[in-house]
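J.: turn this into a structure:
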Amino acid sequence: MNSPLIETRNLFKSYENDGVLTPVLYDINVKIKKGEFVSIMGPSGSGKSTLMHILGFLDGHTSGDYLFQGEQTKTLSDDDLARIRATRVSFVFQSFNLLPRTTVLENVMLPLLYHPTIPVADREKNALKAIDIVGLTDRKDYLSNQLSGGQKQRTAIARSLVTNPDLIFADEPTGNLDSASGVAVMQVLQKLNAQGHTIILVTHEQTTAQHASRIIHIRDGRIVSDSTDFKRVMAGEKGILK
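T.: Numbers count the residues shown, from 1 in each chain. This next block holds a predicted model:
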């Protein structure tokens with residue numbers, strides 16, 4: 001039987017400052033299969049972004065286990081982790097993180113500058129393909145500061161695609177967008193998922209979370225629900241917020 005793409009077992013995370021331990025995540029047990037579209041949802045300070053950073057190899061966990069494609073991550077070297085970040089996971093952030101006086105094509109090609117496996121001869125072709133997938137071919141030569149907010153986020157999604165990662169993390173990708181642009185961005189992510197990409201979305205917005213096929217709800221550092229039954233998840237969310 002194939003291993004889950006991601007599996008955590010009794011995962012804990014705490015931070016230490018001047019000898020004081022601050023727990024952030026408690027006893028996180030979750031499995032995510034290849035090809036899933038999962039929302040990690042919760043209010044500010046719930047621990048959802050910390051969990052994303054751990055799953056995306058941007059931060060380490062304090063105790064417990066994190067397995068990526070069946071392999072224990074705590075045994076990986078710094079070089080192994082750097083290679084995974086460069087080739088197997090990618091991120092879309094709320095703030096876009098585009099270079100302002102650089103074209104869409106140049107921004108999308110950035111992750112390929114030092115890519116260890118994609119040949120130089122293929123890099124522009126791969127970038128143009130990613131730009132086409134998000135519907136921005138007619139904007140490929142525009143500077144990023146000439147784009148609308150929705151177009152900037154679609155450029156960021158294209159940039160996340162260009163390395164052909166196993167897993168795309170989207171951290172509040174609609175947070176800086178109007179509602180129409182936000183829907184358009186989420187539709188792009190749904191399209192990518194339909195093409196086989198695994199997507200983990202972090203959000204505090206119910207309407208954004210519902211674009212996924214599964215919602216993991218976190219509160220106070222603990223998973224309080226994990227379901228594909230959106231009505232039950234949202235009813236629970238309303239109860240928590242009362």
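J.: and the one residue sitting closest to the centre of the chain, what are its bridge partners?
T.: The residue lying closest to the centre of the chain (Cα atoms, centre = their mean) is residue 169, at 0.8 Å. Beta-bridge pairing of residue 169 under DSSP bridges involves residue 91, residue 200.
J.: look up how far residue 121 lies from it.
T.: Residue 169 sits 29 Å away from residue 121, going by Cβ to Cβ, to the nearest Å. C-beta here means a position set from N, CA and C on the backbone, and glycine is covered the same way.
J.: next: residue 105.
T.: Applying Cβ to Cβ to residue 105 and residue 121 gives a distance of 16 Å.
J.: the more surrounded of these two?
T.: In this view residue 105 and residue 121 are compared by other Cβ atoms under 10 Å, and residue 105 has more residues nearby, 20 against 7.
J.: for that one, what are its contacts?
T.: The contact partners of residue 105, by Cβ atoms under 8 Å, 6 or more residues apart in numbering, come to 124, 127, 128, 131, 140, 141.
J.: neighbours of the nearest residue to the last one once chain neighbours are set aside, how many?
T.: Okay, so that is residue 141. Using Cβ to Cβ, 6 or more residues apart in numbering and skipping residues adjacent in sequence, the residue nearest residue 141 is residue 103, 5.4 Å away. When neighbours are counted by other Cβ under 10 Å, residue 103 registers 17.
J.: need the phi and psi values for residue 103.
T.: phi -70, psi 170 (degrees, to the nearest 10).
J.: surely it meets residue 144?
T.: Yes: counting by Cβ atoms under 8 Å, residue 144 is a contact partner of residue 103 at 7.4 Å.
J.: so where do the helices sit in the chain?
T.: Here the chain has its helices, by DSSP state H, at 48-55, 78-87, 104-109, 120-133, 149-161, 179-194, 206-209, 230-241.
J.: output those in TSV; the columns should cover mean pLDDT.
T.: Formatted as TSV, these follow (pLDDT from 0 to 100):
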stretch	mean pLDDT
helix 48-55	95
helix 78-87	90
helix 104-109	96
helix 120-133	94
helix 149-161	94
helix 179-194	92
helix 206-209	90
helix 230-241	52
